[in-house]
Structure formats: C-alpha cells, structure tokens
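**Q** need coordinates for the following:
(one chain, ligands or ions: 1)
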Amino acid sequence: MAASETRKPTSIIIGGGLAGLAAATRSIRHGITPTVLEKRGYLGGRAFSFTDRETGVVVDNGQHIFLGACTNYTDFISEIGARGSIFEQERLDVPALKNGVVSRLGWSRIPGMGMLPSLLRYRHLGMAGKLRVIYGMIRIRLTSRRKNAEALNRQTFRSWLEDRGQNESTIANLWNLIVLPSLNDDIGDVSADAGLMLFQTALMGSGRDAVIGYSRVGLSELAGKHGMAYVTEHDGEIRLNTEVASLWFEGEALRGVRLADGSTLEADTVITAVPHFALGSLLPDGHQSLDSLAIAASLETAPIVGIHIWYDRPILDDPFIAVLDSPLQFIFNVTAIHSDRSGAMEEPDGGQHVVISLSGAWRWAQMERRELEEVFVREMSRAFPAASAEHVTRFLSVKQVDATFRVTPGSNAARLPQKTAIPNLFLAGDWTDTDWPSTMESAVKSGNLAADAAAEHLSR
Ligand SMILES: Cc1cc2nc3c(=O)[nH]c(=O)nc-3n(C[C@H](O)[C@H](O)[C@H](O)COP(=O)(O)OP(=O)(O)OC[C@H]3O[C@@H](n4cnc5c(N)ncnc54)[C@H](O)[C@@H]3O)c2cc1C
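**A** Modelled structure (predicted):
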C-alpha cells in the first residue's frame with residue numbers, strides 16, 4: 001500500500017520531436033515519469049540532421065532559425081543543457097540584396113526607435129514606399145487580434161495590407177520578405193491573423209524579441225542528443241524505433257497505448273505529440289468523444305527545400321542574407337554559422353558551404369536534382385560575383401514536403417486545445433492551439449502546455 005501511494009505518476013508521450021521532448025522535460029519537472037515512444041530511429045522529428053555521405057559533413061534537414069521572442073524554445077534548450085550551442089544576435093540585423101545593392105533592416109541602438117531608422121535608410125523602397133510601410137506598421141500595432149479575430153481569420157494578410165495602403169512594391173520588398181520565410185507560405189495565402197501575430201510578436205515588442213538565433217551545431221545534436229540525455233538522466237525513458245498503433249482503451253477508460261508489434265503499454269496519462277496528419281491513425285473506432293479531433297486532418301502542409309552548395313572559396317560575408325527579385329529567397333552561410341566549432345562542420349580548405357532555404361517551395365519540390373542544380377548555381381552566380389559555377393565543389397538538395405502546417409484563412413479552427421474530452425489524454429505538436437505558426441516555439445510551447453495540463457489532472 002505504502003509503495004503504491006508513493007509511486008510516481010507516469011505519462012506516455014507519443015512522438016520524439018520537439019513537442020514530445022518538451023512534454024517529457026516538463027513532465028519531469030512536475031514529478032511525472034515520462035516514456036517517449038518514437039517510431040523513427042532518431043529524435044527531433046522535423047528538426048534533425050544527418051551526415052552527408054560524400055563530405056562527411058553534418059547537414060540539417062532544413063536551416064532552422066528562431067526569434068528572441070521564442071522563449072519557450074530557448075528555455076527548453078537551456079533546461080536540457082544545450083544553451084551554449086545556440087547563437088543569438090545582439091540586435092536584429094537582416095541584410096537584403098537587390099540588383100547588386102545590399103541594404104540592411106535592423107533594430108536601432110537608439111532606445112524607443114525600433115526599426116524606424118533602418119526602414120528610413122532601406123534602399124529597396126522609395127520614400128513613398130517607406131511612408132506606406134510605416135503607416136502599415138502603425139495599423140498593425142493598433143489592431144487587436146482578439147477583438148477582430150473572426151474577420152482576421154477570414155481574410156488573407158495580403159488583402160488586409162492592401163486595404164491599408166500597401167502596394168506590390170512594399171509587399172514584395174518588405175512584407176513578404178518577412179512573411180514567406182517565417183510562415184513558409186506566400187503573403188497572399190496566409191491569414192491576416194497569422195500575419196499580425198508575426199509582426200506584433202517579433203517587431204513590436206522589445207528589441208530582444210526581434211533578434212534572430214540559430215544552432216551552431218547539427219539539429220540532432222542540439223535537441224536530440226541533449227534531450228535524450230536529460231530525459232534518461234531524470235529517470236524517464238525514450239524508446240526509439242517504437243511505433244504506436246493506437247490509443248488503448250478499456251471501455252471508456254484510456255489505459256495507455258497499443259504498439260505496432262501488438263503489445264500494450266500502460267500509463268496514468270497519454271500525450272500525443274505527433275503531426276496533425278498522424279493523429280487520426282492513433283484514434284480507435286467507437287469512441288464518440290474522440291470525433292471532434294478529426295478536424296486536425298483538415299490542416300494543409302507546405303514544403304521547404306534546402307539547396308546546399310559547397311564552394312572552393314568564400315561567397316558570403318554575412319551569416320545570412322535575403323535576396324530580392326530572385327528565386328534565392330534566404331541564403332545561410334553554414335560555414336560561418338558553425339565556425340566556432342571544431343570538427344565535421346568546418347570547411348577545412350578555406351571554402352564555404354551555403355544553404356539556400358526555399359520556403360513555400362511547391363515549385364522546387366517537384367524538380368529533379370539536376371534541374372535544381374542548374375537553376376540555383378546560375379542564380380547564385382548572378383547574385384554573387386565570386387559564386388561562378390567553376391567554384392562549386394558539391395551540390396545537394398534536401399526536400400521536406402510536409403515541413404510545416406499552413407496558416408491559411410480558417411485554419412485556426414483545426415488547431416485543437418491540449419486538453420481533450422478524455423480526462424487523461426492530452427495533445428501536443430506545433431499544430432495544436434499555441435497561437436504560434438508552425439515553429440519550434442509552437443512545438444515546445446505545446447509540449448509544455450500538454451504536460452502542465454496532465455500534471456493538473458494528476459493532482460486532482
Ligand atoms: C525544412 C524545415 C525547416 C524549418 N524551419 C524552421 C525554422 O526556421 N524555424 C522554426 O521555428 N521552425 C522551423 N521548422 C518547423 C519545425 O521544425 C517544426 O515546427 C517542429 O519541429 C515540429 O515539432 P513537433 O514535435 O510538433 O512535430 P514533429 O517534429 O513532426 O515530431 C513528431 C514526431 O512524432 C513521431 N511519430 C509520428 N507518428 C508516430 C507514431 N505512431 N508512433 C511514434 N512516433 C510517431 C514522428 O516520427 C516525429 O518524430 C522547419 C521545418 C522543416 C521541415
């Protein structure tokens with residue numbers, strides 16, 4: 001009797017992406033013993049790295065960046081002991097290249113000025129365009145997302161901005177420069193609510209919220225290796241290559257999960273931390289209380305393509321740069337990003353490894369590697385004089401077809417809360433209701449919220 005009274009509560013977490021790892025970490029803090037079940041042979045879900053066979057270099061499945069406002073994510077990284085492996089800018093600074101001219105958007109050193117001075121100096125917009133953008137920013141600041149939720153969820157961000165004085169030039173040279181990589185979709189396809197969330201969160205708080213950060217090490221090392229160590233050192237368990245077939249009920253009571261090998265595993269609570277499109281297959285038939293979860297499947301996904309090119313010489317001075325009027329979008333200088341780390345990620349011979357990160361990449365995801373090489377080696381040489389084709393030493397494309405869920409108008413209705421009608425079943429995953437778009441911050445926040453809700457349930 002005494003033993004069962006002191007037994008620590010247990011939680012099964014389905015999925016070892018960032019949401020699942022965050023849920024496990026937060027569960028440990030609540031005194032709950034987590035068991036993470038991950039069907040793949042590695043952790044990290046959609047944020048992972050692998051070793052390129054030819055160069056032996058560790059390559060991320062996609063360049064991942066975060067903002068200073070992503071505090072759930074950075075706190076999680078600190079908690080698992082990996083803070084030393086991430087970099088954050090001191091102040092926002094985004095170089096943008098157009099027709100050979102680089103102009104920078106950034107946060108002012110003068111208190112209270114925010115982005116205004118850099119906007120006034122921004123060379124890719126004329127004075128009328130700058131005034132339009134300033135007016136648009138003021139309207140964004142003055143708009144309450146809560147009071148206007150219904151209308152903002154019906155309209156696209158492009159049409160919302162057009163109704164507030166924005167034109168093709170300001171949309172192409174400023175608004176979509178930020179929206180496309182941040183929301184992985186064109187400004188004409190995302191909801192006004194998602195657009196406002198982005199600008200209000202990133203650019204209208206403190207300068208700290210706006211800074212850009214990234215990992216200095218491969219993504220699997222950052223969260224996968226450190227997450228595994230943290231969970232197992234705190235009496236949790238992580239089982240790789242363990243696919244969950246479905247939730248396991250006895251009558252109306254959720255007992256645990258049924259694995260793909262037919263065995264069952266029992267726990268006090270279950271947290272699903274799988275993508276929205278994988279939730280349905282976990283739900284057994286005959287439970288009406290689960291019917292409302294089916295709506296998650298209506299979310300759509302958008303692809304990201306990463307074009308890695310190794311050059312025998314330096315091409316970029318900055319760690320990253322945006323390119324306007326070109327298919328190049330954003331280019332990251334992987335060599336610089338990983339430069340203070342010895343080992344596989346350094347370029348030993350003075351060369352440079354860059355990755356072109358293509359968001360909303362439906363067109364590119366369909367192309368063969370050969371075609372991609374032709375297009376992007378040519379575009380790089382057009383944009384950067386040093387990047388001519390004869391200096392290319394290796395080319396690699398990485399396609400992630402279901403990289404993110406889409407924040408199209410109406411999509412908020414499919415973003416379910418972490419609590420469900422089943423008292424000991426909780427939902428995590430970047431797609432659940434966190435207010436954030438499909439990001440690492442959303443994934444970690446969802447894991448935290450689900451674990452907090454599970455702890456609250458267990459304390460009752
Ligand atoms: C190329 C690319 C670039 C990106 N860039 C950025 C960026 O710059 N900034 C940013 O913030 N975000 C970025 N993202 C998005 C970010 O990676 C995701 O939002 C986040 O990783 C989602 O985490 P998650 O845990 O919610 O889901 P996932 O990472 O998808 O994890 C779900 C896990 O569940 C497992 N699973 C599924 N079904 C089962 C089952 N039946 N049994 C057991 N396990 C199961 C899966 O194998 C997976 O590991 C990018 C994504 C991609 C692909």
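**Q** please save the CA atoms from the top helix by length along the chain in CSV.
**A** With secondary structure taken from DSSP state H, the chain has its longest helix at helix 440-459. Only the C-alpha atoms of helix 440-459 are listed here, as CSV (Å, rounded to 0.1, in the frame of the first residue of the first chain):
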residue,chain,number,x,y,z
MET,A,440,9.9,25.1,-32.9
GLU,A,441,8.5,27.6,-30.4
SER,A,442,5.0,26.3,-31.1
ALA,A,443,6.2,22.7,-30.7
VAL,A,444,7.9,23.3,-27.4
LYS,A,445,5.1,25.5,-26.1
SER,A,446,2.5,22.8,-27.0
GLY,A,447,4.6,20.2,-25.1
ASN,A,448,4.8,22.4,-22.1
LEU,A,449,1.0,23.2,-22.1
ALA,A,450,0.2,19.5,-22.5
ALA,A,451,2.5,18.4,-19.7
ASP,A,452,1.1,21.2,-17.4
ALA,A,453,-2.5,20.0,-18.2
ALA,A,454,-1.5,16.4,-17.5
ALA,A,455,0.1,17.4,-14.1
GLU,A,456,-3.1,19.4,-13.2
HIS,A,457,-5.2,16.3,-14.0
LEU,A,458,-3.0,14.1,-11.9
SER,A,459,-3.0,16.4,-9.0
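**Q** which strands or helices does it pack on?
**A** For helix 440-459, the elements it packs on are helix 18-29, strand 65-67, helix 71-79, strand 269-272, strand 425-427, judged by 3 or more Cβ pairs under 8 Å, 6 or more residues apart in numbering; DSSP states H and E. For glycine as for every other residue, the C-beta is placed from the backbone atoms N, C-alpha and C.
**Q** go again with 7 Å.
**A** Here helix 440-459 touches helix 18-29, helix 71-79, strand 269-272, strand 425-427, going by 3 or more Cβ pairs under 7 Å, 6 or more residues apart in numbering; DSSP states H and E.
**Q** these: which one's closest to residue 51?
**A** Closest of the helices and strands packed on helix 440-459 to residue 51 is helix 18-29, at 21.0 Å (criterion: Cβ to Cβ).
**Q** buried stuff in the closest one?
**A** Buried residues in helix 18-29, counting neighbours by 16 or more other Cβ atoms under 10 Å, are found at 18, 19, 20, 21, 22, 23, 24, 25, 26, 27, 28.
**Q** in TSV, list those residues along with pLDDT.
**A** Below are the buried residues of helix 18-29 laid out as TSV (pLDDT from 0 to 100):
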residue	pLDDT
18	98
19	98
20	98
21	98
22	98
23	98
24	98
25	98
26	98
27	98
28	98
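**Q** is the nearest residue to residue 204 once chain neighbours are set aside in a helix, a strand, or coil?
**A** Leaving aside its chain neighbours, residue 204 sits nearest to residue 141 (5.4 Å; criterion: Cβ to Cβ, 6 or more residues apart in numbering). Under DSSP: H, G, I helix; E, B strand; the rest coil, the three-state class of residue 141 is helix.
**Q** kindly provide the distance from residue 141 to the ligand.
**A** Using Cβ to the nearest ligand atom, to the nearest Å, we find residue 141 at a distance of 24 Å from the ligand.
**Q** rewinding a little: could you dump the helices and strands packed on helix 440-459 to TSV with distance to the ligand?
**A** Output for the helices and strands packed on helix 440-459, formatted as TSV (distance: least, Cβ to the nearest ligand atom, whole Å):
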stretch	distance to the ligand
helix 18-29	3
helix 71-79	7
strand 269-272	9
strand 425-427	10
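**Q** JSON lines for the ones you listed, including distance to residue 164?
**A** Output for the helices and strands packed on helix 440-459, formatted as JSON lines (distance: least, Cβ to Cβ, whole Å):
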{"stretch": "helix 18-29", "distance to residue 164": "35"}
{"stretch": "helix 71-79", "distance to residue 164": "30"}
{"stretch": "strand 269-272", "distance to residue 164": "40"}
{"stretch": "strand 425-427", "distance to residue 164": "36"}
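**Q** residue 307 is nearest to which of these?
**A** Of all the helices and strands packed on helix 440-459, helix 18-29 comes closest under Cβ to Cβ, at 24.3 Å.
**Q** hmm, back to that, quick one: the longest helix of the chain near the ligand?
**A** Yes. Contact of helix 440-459 with the ligand (Cβ under 6 Å from any ligand atom) involves 440, 441, 443.
**Q** if any of these are buried, give me the PyMOL selection for them.
**A** This is how PyMOL selects the buried members of those, with burial counted by 16+ other Cβ under 10 Å:
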select buried, resi 440+441+443
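**Q** how far away is residue 150 from the ligand?
**A** Counting by Cβ to the nearest ligand atom, the gap from residue 150 to the ligand is 26 Å.
**Q** can you confirm that residue is in a helix?
**A** Yes. Looking at residue 150 with three-state DSSP, it is inside a helix.
**Q** just to revisit the earlier point, so which bits of the longest helix of the chain are buried?
**A** Buried, per 16+ other Cβ under 10 Å, within helix 440-459: 440-455, 457-458.
**Q** up against the ligand, what does the stretch 51-200 of the chain have?
**A** 61, 62, 64, 65, 66.
**Q** who wins for most neighbours among the residues you listed?
**A** The most crowded member of these, judged by other Cβ atoms under 10 Å, is residue 62 (24 neighbours).
**Q** right, and that one touches residue 306 too?
**A** Yes. Residue 62 lies in contact with residue 306 (Cβ atoms under 7 Å); the separation is 5.1 Å.
**Q** identify the contacts common to those two.
**A** 357, 398 (Cβ atoms under 7 Å, 6 or more residues apart in numbering).
**Q** one step back: identify the farthest-apart pair in the residues of the stretch 51-200 of the chain next to the ligand.
**A** The largest separation in these, counting by Cβ to Cβ, is between 61 and 66 at 15.7 Å.
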